[in-house]
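J.: Pasting the sequence and the predicted model now:
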Amino acid sequence: MKKELVFGGILILLVLGLGVLFSQNHQNSGVIKIGAAVGLSGDCAEWGEGELKSYKLAIDEINARGGISGRAVDLQTEDTQCDPDGTFNAVQKLISIDKVEAILGPTWGDSFQAGFELSSKQGVVAVAPSAVLKALVDNQLSVEHIFSTWFPVESEMSALGAYMHQVGVKNIVLVHDNDPYGAIVAETFAQQSSAHGLEVLKDYRLPIDYGDYKTTIATIKSLKPDAVFVSFKTPAAQATFMKQAHELRLTARLFTSSQIEDASLLQNFASGMEGAVYAYPDVSGNYDGFKAKYVAKYQTEPQGPSASNAYDAAQILIFALGEKGLTGTDLTKALETTSLPGTVTKTLSFDQTHQLSNLTYQIKTIHDGQFVVE
C-alpha cells in the first residue's frame with residue numbers, strides 16, 4: 001500500500017512538472033502583446049499616425065533581433081478617434097479583449113484622460129508620447145503606472161519665461177482654451193511668471209475650437225502688452241490665432257508652446273506664424289539616426305510633433321519588458337530605473353514624476369517658413 005502511494009505521488013509530481021514545463025515552453029513560444037491607443041481619425045490624427053509608424057519601426061527592429069527573450073512583439077492597434085469616449089473604448093478593448101501587457105499612448109492623453117484612468121485602475125502600464133502628466137496630477141488622477149516621453153511643461157515654461165525676462169518683456173496677456181492641455185500650459189506659465197519678473201495683464205480663457213479670435217485680439221491691442229502667450233488644444237488653433245493676430249497687426253510679440261513645431265502647419269500658416277517664439281528641448285540625442293530609419297521605412301519624414309517621442313516610448317517600454325518581466329508593478333519599477341540613449345534627449349530616463357528627466361532647452365522661432373534656433 002505504501003509503495004503504491006509513493007508511486008502515485010511520484011506520478012502526480014511528474015505530471016505536474018511536465019505541465020509546468022509545457023506551460024513555460026508555451027509561454028516562451030508565444031507573443032508579447034503591446035497595445036497602441038492612437039488617434040487615427042479626428043483632430044489629433046496627424047500626431048497619431050506618426051506615433052503609430054514610430055511604434056511599428058521600433059517593434060520591427062526588436063523582432064528582427066529575435067524579439068523579447070525569443071518571443072515576438074505583437075502590436076495591437078486601436079483608434080482613439082481623438083476624443084474622450086473613443087480613447088476610453090480603445091484602452092478598454094486593448095486591456096479586456098486583446099489582453100495586452102502594456103500600452104503605448106494614448107495620443108494626447110492629457111486631453112483624453114479617461115483612458116489613463118482605466119489603465120491605472122487595471123494596473124496596466126502606459127507610456128505616452130504626447131501627454132503632459134501635470135494635467136492628470138492637477139486633476140487628481142494617479143500616475144503610478146503612467147509615463148510620458150513628451151516634454152515636461154514645468155521646465156519648458158520656465159525656460160520660456162527666463163528668455164522673456166532676458167529680452168526685456170515686462171507684461172504679457174495669456175490666451176488659452178478650456179482643454180486640459182491648453183489650460184495647464186497657460187496656468188503653469190502664469191504660476192511661474194512672477195519669478196521671471198513678468199506681469200500678467202489679462203487671462204483670456206476661450207472655448208475649445210473657438211476659431212474666430214478677432215474680437216479678443218482687438219481687446220488685446222488696447223492693453224498694449226509687450227507679449228502674448230498662446231496655448232490651445234491643437235497646434236492648428238494656435239496657428240489660426242497667430243494668423244489673425246498678424247492680419248489685425250498686433251504688434252506684441254507672440255509666444256507659445258513646443259507643440260507648434262509641426263511641419264504641416266507651415267503649408268497653411270507660415271506667414272502668420274512668422275516670429276512666434278517657443279522653448280524646445282536641445283536636441284542632444286540621435287534624432288538624425290531615427291529620422292533616417294523612419295524615412296527609409298516610410299519614404300517620408302517623421303509625421304507630427306510626437307513621432308520621435310513615440311519611438312522613444314516604444315524603445316524604453318520594450319527594454320523594460322525584456323529586463324524585468326510583464327506584471328504591472330515590476331514593469332513600473334523597471335521603467336523608473338531604466339536609462340537608454342534617446343532620440344531628442346541624449347539620455348532617455350524618467351524622473352520621480354514619470355516625466356523625462358535632465359532636459360535642457362533652447363529658444364526657437366519661426367523664420368521664413370522654418371523652425372530655427374534664436
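T.: Sure thing, it's come through.

J.: How is Ile103 assigned, secondary-structure-wise?
T.: strand (DSSP: H, G, I helix; E, B strand; the rest coil).

J.: Could you list the low-confidence segments of this protein?
T.: By pLDDT under 70, the weakly predicted segments of the chain are 1-29, 323-328.

J.: Just the helices from it, written as ranges.
T.: Ranges of helices within the chain are 2-29, 45-64, 84-96, 114-121, 133-138, 153-166, 180-193, 214-223, 235-247, 266-273, 287-298, 307-324, 328-337, based on DSSP state H.

J.: Would you point to the one among the ones you listed that's packed deepest?
T.: helix 307-324 (a mean of 25; mean count of other CB atoms under 10 Å). Using the backbone N, CA and C atoms, a C-beta is placed for each residue, glycine as well.

J.: now that helix against helix 45-64, angle please.
T.: 40 degrees (axes from the mean of the first three to the mean of the last three CA atoms, to 10 degrees).

J.: before we move on, the earlier item: dump the helices of the chain into CSV; add distance to Thr365 as well.
T.: As requested, these are exported to CSV (distance: least, CB to CB, whole Å):
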stretch, distance to Thr365
helix 2-29, 53
helix 45-64, 22
helix 84-96, 33
helix 114-121, 33
helix 133-138, 25
helix 153-166, 11
helix 180-193, 17
helix 214-223, 20
helix 235-247, 12
helix 266-273, 9
helix 287-298, 19
helix 307-324, 21
helix 328-337, 35
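
J.: For Gln76, which of those helices is the nearest?
T.: Taking CB to CB, helix 84-96 is the member of these nearest to Gln76, at 5.9 Å.

J.: angle of that closest one against helix 114-121?
T.: Using the same axes, to 10 degrees: helix 84-96 against helix 114-121 is 30 degrees.

J.: helices or strands next to helix 84-96 in the packing?
T.: Secondary-structure packing of helix 84-96 (3 or more CB pairs under 8 Å, 6 or more residues apart in numbering; DSSP states H and E): strand 32-38, strand 73-79, strand 102-104, helix 114-121.

J.: so can I have TSV of those showing distance to Thr215?
T.: Shown next, in TSV, are those (distance: least, CB to CB, whole Å):
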stretch	distance to Thr215
strand 32-38	36
strand 73-79	36
strand 102-104	41
helix 114-121	33
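
J.: So for Gly272, which of those sits nearest?
T.: strand 32-38 (29.1 Å).

J.: Direction included, what does that closest one pair up with?
T.: strand 73-79 (parallel), strand 102-104 (parallel) (DSSP bridges).

J.: Tell me how many other residues crowd Lys170.
T.: A total of 13 residues lie near Lys170 under the criterion other CB atoms under 10 Å.

J.: That one reaches Gly197, doesn't it?
T.: Yes: Lys170 is within contact range of Gly197, at 7.2 Å (criterion: CB atoms under 8 Å).

J.: ok, for Val38, nearest residue in space, not its chain neighbours?
T.: Gly48 (4.0 Å; CB to CB, 6 or more residues apart in numbering).

J.: Let me see the contact set for that neighbour.
T.: Val38, Gly39, Leu40, Asp79, Thr80, Cys82, Thr107, Gly304 (CB atoms under 8 Å, 6 or more residues apart in numbering).

J.: Tell me, how many residues neighbour the closest residue to the third one other than its chain neighbours?
T.: I take that to be Leu40. Nearest residue to Leu40, sequence neighbours excluded (CB to CB, 6+ apart): Asp79, at 4.2 Å. Asp79 has 20 neighbours, counted by other CB under 10 Å.

J.: quick one, domains of this protein?
T.: Split into domains by automatic domain parsing, the chain comes to 31-150+306-338, 153-281+361-373.

J.: re the thing from before, report the separation between the residue nearest to Val38 and Asp138.
T.: Per CB to CB, to the nearest Å, Gly48 is found 24 Å from Asp138.

J.: and the spatially closest residue to Val175 that is not a sequence neighbour, what is it in contact with?
T.: Of all residues not flanking Val175 in the chain, Tyr204 sits nearest, at 4.5 Å (CB to CB, 6+ apart). When contacts are counted by CB under 8 Å, 6+ apart, Tyr204 touches Val173, Leu174, Val175, His176, Thr216, Ile220.

J.: Out of those, the closest to Leu321 would be?
T.: Nearest to Leu321 among those, with distances taken as CB to CB, is His176, at 37.4 Å.

J.: ok, what's across the strand from that closest one?
T.: Arg205, Ser231.

J.: Can you give me the neighbour number for it?
T.: When counting by other CB under 10 Å, one arrives at 27 neighbours for His176.

J.: dump the residue contacts of it.
T.: Gly182, Ala183, Val185, Ala186, Tyr204, Arg205, Leu206, Val230, Ser231, Phe232.
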